[in-house]
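Student: Here you go, sequence then predicted model.
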Amino acid sequence: MARKSPSAWNEAPSRPAPQRARAELEFEEATMLGALFGQFDANLVLIENRLGVFISARGNRVQIEGSDDGVARARDVLKTMHQRLMKGEELDTGAVEAIIMMSAEPTLEGIVSGDQGSPPIMIRTRKKTIVPRSATQIDYMKTLASKDVIFALGPAGTGKTYVAVAQAVAQLMTGSVQRLILSRPAVEAGERLGFLPGDMKEKVDPYLRPLYDALYDCMPPEQVERRIASGEIEIAPIAFMRGRTLADAFVILDEAQNTTPAQMKMFLTRFGQNSRMVICGDPRQVDIPGGDSFSGLADAVKRLEGIEGIAVTRFTSADVVRHPIVGRIVEAYEGKDG
């Protein structure tokens, strides 16, 4: 769909017009153009707004105008989008936003796409293929495939838990682990469990719902239910881990900032043969009495960071992969390094 070029700039006579770069791309697969450009050229408009460029599309040709950096990034973004579509991956607004954001990272080209002889960084599950949506997620995905114990720290929306669940599902599918165990402390922000109706399972399930949601997004619902019934997948509060040895398992602890040091020690010492543990949490969102100084997550990171086999990945507001406004909200509350 062709769109008219903007009118010539009205510059003051004393100021010369800024130097503008131009690039042209041609895509051979015409059937991909609808998905590439988006409905009513929505993807092109998004790239224009984020990178300050102008994009005109005629047939299978795309012309980009703007600053040198903007044009170069827009070209790389369109190429990456096209490559993902050719691989059968879906491109939603979030994926396009992530590609645009990652285009500012000079080391990403080749790492994500698998060029230059490097294998692509991705996680394949039964329902979808997850690719990194931020620079930090690339290191995180590598770490999830290589370290025994991984601490993932950072604000909401950075994909800490979701990517860990995807990696766990992928390993369960390939048989490299026999069980998937998802846990979190039954501590809530400003509420009390006792006020909820039902037995203990009914009281606790709402706090485990984010783990269920991530699981259902990576596996067909019938498989999730069958594997939960067989015990291959277990979702339970951290208190249920006491006295167990978790061997041949991928274990994820979410909202770990709300554990006490004693609970964290108990959880970490459940580690068994051929297992992997991922501990996710936001050190700035501690809901337990006493705050940060009583958090088992902060205590564990301080004690264990640097030990062989243990890795720490830190996300910031710049890594938020939900709607861009979420990143701005996090930054407003916690600062740019939040």
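Tutor: In hand now; what should we look at? The shown structure was predicted, so the numbers you read here are calculated from the model rather than taken from an experiment.
Student: What ranges does the stretch 201-338 of the chain have for its helices?
Tutor: 221-230, 261-268, 296-304, 324-334 (DSSP state H, counting those that start in this stretch).
Student: Columns mean neighbour count, mean pLDDT and distance to residue 45 on top of those helices, output as JSON lines?
Tutor: Placement of C-beta: from N, CA and C, glycine included. Formatted as JSON lines, the helices of the stretch 201-338 of the chain follow (neighbours: other C-beta atoms under 10 Å; pLDDT from 0 to 100; distance: least, C-beta to C-beta, whole Å):
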{"stretch": "helix 221-230", "mean neighbour count": "13", "mean pLDDT": "89", "distance to residue 45": "35"}
{"stretch": "helix 261-268", "mean neighbour count": "18", "mean pLDDT": "93", "distance to residue 45": "47"}
{"stretch": "helix 296-304", "mean neighbour count": "19", "mean pLDDT": "94", "distance to residue 45": "41"}
{"stretch": "helix 324-334", "mean neighbour count": "15", "mean pLDDT": "74", "distance to residue 45": "14"}
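Student: And those: which comes nearest residue 31?
Tutor: Closest to residue 31 of the helices of the stretch 201-338 of the chain, according to C-beta to C-beta: helix 324-334, at 29.9 Å.
Student: residues contacting the residue sitting nearest the centre point of the chain?
Tutor: Nearest to the geometric centre of the chain sits residue 159, at 3.0 Å (C-alpha atoms, centre = their mean). Shown in contact with residue 159 (C-beta atoms under 8 Å, 6 or more residues apart in numbering): 133-134, 137, 140, 315, 319, 321.
Student: tell me the pLDDT at it?
Tutor: On the pLDDT scale, residue 159 is placed at 87.
Student: how many other residues sit next to the closest residue to residue 274 other than its chain neighbours?
Tutor: Nearest residue to residue 274, sequence neighbours excluded (C-beta to C-beta, 6 or more residues apart in numbering): residue 248, at 4.9 Å. Close neighbours of residue 248, defined as other C-beta atoms under 10 Å, add up to 13.
Student: Now do the phi/psi pair for residue 248.
Tutor: Main-chain torsions, residue 248, degrees, to the nearest 10: phi 50, psi 40.
Student: Give me the distance between it and residue 218.
Tutor: Taking C-beta to C-beta, to the nearest Å as the measure, residue 248 falls 20 Å from residue 218.
Student: Could you do residue 91 as well?
Tutor: As judged by C-beta to C-beta, residue 91 and residue 218 stand 19 Å apart.
Student: same deal with residue 131?
Tutor: 14 Å.
Student: Could you do residue 242 as well?
Tutor: Look at residue 242 and residue 218: by C-beta to C-beta, they are 28 Å apart.
Student: Looking at the two, which has the bigger crowd around it?
Tutor: Neighbour count, other C-beta under 10 Å: between residue 242 and residue 218, residue 218 has more, with 24 against 10.
Student: residues making contact with stretch 218-232?
Tutor: Counting by C-beta under 8 Å, 6+ apart, 125-128, 130, 165-166, 169, 172, 178-180, 212, 215-216, 233-235 sit against stretch 218-232.
Student: And those, which of them are buried?
Tutor: Among the contacts of stretch 218-232, those classed as buried by neighbour count (16 or more other C-beta atoms under 10 Å) are 125, 130, 165-166, 169, 172, 179-180, 215, 233-235.
Student: In those, find the pair that's most separated.
Tutor: Between any two of those (C-beta to C-beta), the greatest distance is 22.2 Å, for 130 and 234.
Student: Tell me both backbone torsions, phi and psi, for residue 124.
Tutor: When read as degrees, to the nearest 10, the backbone of residue 124 gives phi -100, psi 130.
Student: who does it bridge with?
Tutor: With DSSP bridges as the criterion, residue 124 is bridged to residue 129.
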